[in-house]
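1. prediction below, plus the sequence it came from.
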Amino acid sequence: MGITTISSREFNQHASEAKKAANDGPVFITDRGRPAHVLLSIEEYRKLTGKGKSLAEALAQPGEGGEMDFEIPRIDGFFRPAHLD
C-alpha cells in the first residue's frame with residue numbers, strides 16, 4: 001500500500017489520477033503544504049469505519065437481471081400465545 005501526497009491545485013487539475021492512486025493507498029491532499037484532506041477508496045473507508053453496504057447501496061446495485069436474492073429469516077419461538085385470565 002503506497003501513500004501519495006498531492007497539493008490541492010494538483011488534485012483539482014488531475015482528479016482522475018488521484019482517484020487511481022487511491023486504489024493503491026491513501027492520497028493526502030495538502031493545502032499550503034499542510035495535509036488537509038485524505039482520499040480513500042470506498043473499500044478502505046469501509047475497513048476503517050467497520051461499515052458494510054447501506055440499504056440504499058444494496059438496493060441501488062441489484063444482482064443479474066435486476067433481481068436480488070433476499071431471504072427473510074424465521075423467528076421461531078419469538079411469539080407466545082396471550083394468556084387472558
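-> Structure's in. What do you need? Only a predicted model underlies this, so the values are computations on that prediction, with no experimental measurement involved.
2. roughly how far apart are the residue most central in space within the chain and residue 19?
-> In the chain, the centroid-proximal residue (C-alpha atoms, centre = their mean) is residue 42; its distance is 4.0 Å. Distance of residue 42 to residue 19, computed by C-beta to C-beta, to the nearest Å: 11 Å. Bear in mind the C-beta positions are built from the backbone N, C-alpha and C, glycine included.
3. again with residue 30
-> Applying C-beta to C-beta to residue 30 and residue 19 gives a distance of 17 Å.
4. got it, and residue 26?
-> Taking C-beta to C-beta, one finds residue 26 at 12 Å from residue 19.
5. looking at those two, which is more packed in?
-> Neighbour count, other C-beta atoms under 10 Å: between residue 26 and residue 19, residue 26 has more, with 18 against 13.
6. quick check: phi and psi on residue 56?
-> Backbone torsions of residue 56, given as degrees, to the nearest 10, read phi -60, psi -40.
7. what's across from residue 4 in the sheet?
-> For residue 4, the beta-bridge partners are residue 27 (DSSP bridges).
8. neighbours of it, how many?
-> Count around residue 4 with other C-beta under 10 Å applied: 16.
9. is it correct that it is in contact with residue 19?
-> No: applying C-beta atoms under 8 Å, one finds residue 4 not in contact with residue 19, separated by 10.9 Å.
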